[in-house]
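> Provided below are the primary sequence and the corresponding predicted coordinates.
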Amino acid sequence: MSPPCLFIGNKNYSSWSMRPWLALKWAGIAFEERMIPLGGPGYGKSRIAEILAVSDSGRVPALHAGELRIHDSLAIMEWANEQAPEAGLYPRDAGLRALARSAAAEMHAGFAAMRNAMSMNIRRRMKTAPAWSDEVKADLARLFELWGGLRARHANGGPFLFGARGIVDAMYAPMATRLRTYAVEAPAACQAYCEAIFADDAFRAWEAGALAEPQRIASTDELYT
């Protein structure tokens, strides 16, 4: 049987593609990777023809595993956890596992203002942060509260949100890149968490792929302002 295939968007821009890609790597699950360039007709409306051919939602990522087709980032990561429970993508303690799922779901459904104002662009670096709206400031405050609280409780277990890296970290890794891209000053514990993400081998492989991509969607790529 051939390995599962993960269809993703551009590594520089597709935060939702990054999340299950990291989780699959961390779980040690072999998979094929096929990148479908974003942009062009249907972009922003979930109507890109090549994506519709592989994803019922018209969005990436999408995972094909035999006859199974999964078209949601968190669902793909839950699948990965069930395929490789020994990888520890969630904490083994039931209570901590519930808290980890809660934090992952908060990222899945929340932080809309921050995501809209800070589109993912790994290549970009700003020298100073823009003036943020009150909604973005509220998202940042909540992000730092969440990260800071989890790091304070689990610092002895490792550098990630629940000590060892897992699905929660895959969910929040793109937020770490946003802070770096837009020159957001984070509390020390949160900045240390970002550095742990940036030092991870799987993240570095994704980042290298983003830097090597020739396609430019945003006119602000690699802009220092």
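Received, thanks.
> which positions in the lowest-mean-pLDDT helix or strand in the chain come out as buried?
Least confident helix or strand, the chain: helix 49-52 with a mean of 88, by mean pLDDT, DSSP states H and E. If you call a residue buried by 16 or more other CB atoms under 10 Å, then helix 49-52 has these buried ones: Ile51. C-beta here means a position set from N, CA and C on the backbone, and glycine is covered the same way.
> partner strands of the helix or strand just after it, with direction?
Using DSSP states H and E, the helix or strand that directly follows helix 49-52 along the chain is strand 62-65. With DSSP bridges as the test, strand 62-65 is paired with strand 5-8 (antiparallel), strand 68-70 (antiparallel).
> just to revisit the earlier point, what residues does the least confident helix or strand of the chain touch?
Outside helix 49-52, the residues that touch it by CB atoms under 8 Å, 6 or more residues apart in numbering are 7, 36, 41-42, 46, 58-60, 62.
> out of the strands paired with strand 62-65, which is the most enclosed?
Ranked by mean neighbour count, those are led by strand 5-8 with a mean of 20 (mean count of other CB atoms under 10 Å).
> which stretches of the protein form helices?
Secondary structure of the chain (DSSP state H): helices located at 15-27, 49-52, 73-83, 94-109, 112-117, 134-154, 167-181, 188-199, 201-212.
> wait, which of those helices is closest to Met126?
Closest approach to Met126 among these is made by helix 167-181 (6.7 Å; CB to CB).
> distance from the chain centre to the closest one, please.
Mean C-alpha position of helix 167-181 versus that of the full chain (CA atoms, centre = their mean, to the nearest Å) differs by 6 Å.
> go ahead and confirm His154 touches Arg165.
No - using CB atoms under 8 Å, His154 is not in contact with Arg165, being 11.5 Å away.
> these two: who's more crowded?
Arg165 (24 against 17; other CB atoms under 10 Å).
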